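Engineer: Build the 3D model from these lines:
(one chain, ligands or ions: 1)
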Amino acid sequence: MGPYLYAAASVGLFLSIRTISWRRKVHRDLSGASSRLNDYDKVYSNHPPIIDIPSSEIFNNPREAYETALKDHGPVIAVRRKGLLEFIVDENLCQTVLTSDQSFSFEEAMAKILNLRPYVSFFWSFFREIDDLVQNGINPRLSNIMEQICPVFIRSAGRAVDQRTVDMFEHAHTSIAEGMIILIFGEGYANEHSIEIITNVATDIAGLTGNSVNNFILGRNFPTIFATLTWLNVTCTSIFAFFRFIGPQVWKHVRSRKWVPGEEKPTSVLEYLSYKHATNGSVGFTSFLWIMSMLLGLIFASVHQTASVVVWVVFEIAKRPEYLKALRDELHNNVDPVTNDLDPSNIGEAIQKATLLDSFIREVMRTKGDTLATCRLTTVDVHLAGYTIPKGHLVYPFATRIHLNPVHHPDPSVFRPDRWSGDDARPAVMTSASYISFGLGKWACPGRILAVSEIKMIVWSLIAKATPRLVGNKYKIVDPLNITSVPPQGELILEPFSFA
Ligand code: HEM
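Structural biologist: Now for the predicted structure:
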């Protein structure tokens, strides 16, 4: 009963804040209508064209639907989706939208997508803090982290290969969750129950961003009701379980000692945050809650998407066996000749040198079919390509036109990992206005080096022991509008392989 009361109170608060702000807005609109009419007209006179794309096209065939609309009416169009008027821009405006932080906000976009706009001020500090903890609490320790978590991937691959058929998303999701538990909390926290809690949190919060919304009629037609119910459900179940079962262990941990900055180097993200938030060496209850929320955010950002991209990469390897020999040659020196297991002791360096696999991953990320992947919210009326986009709207650079642009990627539809090696070598983590799989600018994904390293370790640990094959040599795209967060489906078979 407790969690339901807590959740009901949160939803009640959420709805009352929304109602009050709506009533204020109506009042302002009524009282200022005549004086604002001209301004409104002025904005509207060069409003980008509003294109009516049927929902069925948006959800089932987004690539062609938006592509055609942009071709016919671009470079800026407005399209209604799930009750919101969204703005889509073509490849030439991508950099402006993603990097002009004065007029486009990442945090406000996230708050809007998560249906948490009333709490947007919380998001400003939340994302800054999460960014800091990845940049300073994770990235400087990456080679140690890889040694620490590599055995997780080796063990999971062993189990998967024994089973022969594997649910690839489940395999990647649980392995990455276990790895993240070790790097966030420490070795002592990794057990079946905590892995289950973390995978549930990652899946449920991913659902809140709209990843699964597209799969539900309620989500498509009544997004606000859907969001409220989903928040209620997530708060009562996975978030509650996170606080209930992991919370006490974390509380005991952070209260067990003094955290004097500079005395010792942190060995986990939790320790990094404890040093940062301790007052006179102690972590108080409010700081504990803040730290737990931060960790929830980190789990959400780091587990689900990475697991999904692993599925894309492994399925593409299965579909393109001609690359397997070269990928294995690159791996060969880094496996134990008897067990075919990876060697965790120098895995960081080995992975850095794995340029073929890196190019393969980059090519999968470019071609997998992202559409509306990254976005910003206008914080003022923005003048773009002769149009005015009104304040308070989501703006998406259309990833299809960016990733399949023949100017930057000759023969854009051809899968060619070698386009990223040689003179034009670019690692999978390098962002640019022609490759936005990890975003661009100040808010580009700070966890991308870890993400690509995890993908490499998972792929290596599998292909060292097995040859992946897809039944029928095909997979199915489940949600073409959410390519990165909803993995494709296919039946994967692991045929045993040995270097010996
Ligand atoms: C393959 C897996 C991943 C993909 C495709 C991905 C992609 C992205 C994208 C597109 C953004 C938004 C960037 C923008 O709008 O410019 C983002 C933001 C973010 N990502 Fe990732 N990400 C992945 C894995 C990770 C991991 C493993 C972590 C943490 C260790 C992480 C942490 C974050 C954080 C904290 C943000 C918020 C922005 C910031 O704080 O600067 N991501 N990611």
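Engineer: thinking Thr99 is in contact with Trp443, fair?
Structural biologist: No. With contacts counted by CB atoms under 8 Å, Thr99 stays clear of Trp443, the gap being 9.0 Å. (C-beta placed from N, C-alpha, C; glycine too.)
Engineer: what does the protein have sitting close to the ligand?
Structural biologist: 98, 106, 127, 130-131, 134, 138, 301-302, 305-306, 309, 373-374, 437-441, 443-447, 450-451, 484 (CB under 6 Å from any ligand atom).
Engineer: Return the subset of these lying in helices.
Structural biologist: Leu98, Phe106, Phe127, Ile130, Asp131, Ala301, Ser302, Gln305, Thr306, Val309, Leu450, Ala451 (DSSP state H).
Engineer: can you put those in a markdown table and add neighbour count and pLDDT?
Structural biologist: As requested, these are exported to a markdown table (neighbours: other CB atoms under 10 Å; pLDDT from 0 to 100):
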| residue | neighbour count | pLDDT |
| --- | --- | --- |
| Leu98 | 26 | 98 |
| Phe106 | 22 | 95 |
| Phe127 | 17 | 88 |
| Ile130 | 22 | 93 |
| Asp131 | 17 | 94 |
| Ala301 | 21 | 90 |
| Ser302 | 26 | 94 |
| Gln305 | 21 | 94 |
| Thr306 | 26 | 97 |
| Val309 | 25 | 98 |
| Leu450 | 24 | 98 |
| Ala451 | 21 | 98 |
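Engineer: and which of those residues is nearest Ile458?
Structural biologist: Relative to Ile458, the closest of these is Thr306; by CB to CB it sits at 9.0 Å.
Engineer: ok, and the closest non-adjacent residue to the closest one?
Structural biologist: Nearest residue to Thr306 in three dimensions, chain neighbours excluded: Ala451, at 4.7 Å (CB to CB, 6 or more residues apart in numbering).
Engineer: Quick check, that neighbour in contact with Val303.
Structural biologist: No. Applying CB under 8 Å, one finds Ala451 not in contact with Val303, separated by 10.1 Å.
Engineer: got the contact list for the closest residue to the ligand within the stretch 101-250 of the chain?
Structural biologist: For the stretch 101-250 of the chain, the residue positioned closest to the ligand under CB to the nearest ligand atom is Asp131, at a distance of 3.3 Å. Shown in contact with Asp131 (CB atoms under 8 Å, 6 or more residues apart in numbering): Trp443, Pro446.
Engineer: let's see it at 10 Å
Structural biologist: Listed by CB atoms under 10 Å, 6 or more residues apart in numbering, the contact set of Asp131 reads Phe106, Ala301, Lys442, Trp443, Cys445, Pro446, Gly447.
Engineer: swap in Asn61?
Structural biologist: So Asn61 contacts Ile53, Pro54, Glu67, Thr68, Pro480, Leu481 (CB under 10 Å, 6+ apart).
Engineer: what about burial for those residues, which qualify?
Structural biologist: Using 16 or more other CB atoms under 10 Å as the burial test, those include Ile53, Glu67, Pro480, Leu481 as buried.
Engineer: Quick check: helices, which of those residues are part of them?
Structural biologist: Glu67.
Engineer: Tell me the one of the buried ones among the contacts of Asn61 nearest Ser432?
Structural biologist: When those are compared against Ser432 (criterion: CB to CB), the nearest one is Glu67, at 20.9 Å.
Engineer: What separation is there between the closest one and the ligand?
Structural biologist: 20 Å (CB to the nearest ligand atom, to the nearest Å).
Engineer: Quick one: residues contacting the closest residue to that residue other than its chain neighbours.
Structural biologist: Nearest non-adjacent residue to Glu67, counting by CB to CB, 6+ apart: Thr400, 5.8 Å away. Thr400 makes contact with 62-64, 66-67, 70, 90-91, 369-373, 412, according to CB under 10 Å, 6+ apart.
Engineer: Let me know the closest of those to Pro118.
Structural biologist: Leu372 (23.9 Å).
Engineer: and the nearest residue to that closest one once chain neighbours are set aside, helix, strand or coil?
Structural biologist: Excluding its sequence neighbours, the residue lying closest to Leu372 (CB to CB, 6+ apart) is Tyr396, at 4.4 Å. On the three-state scheme (DSSP: H, G, I helix; E, B strand; the rest coil), Tyr396 is labelled strand.
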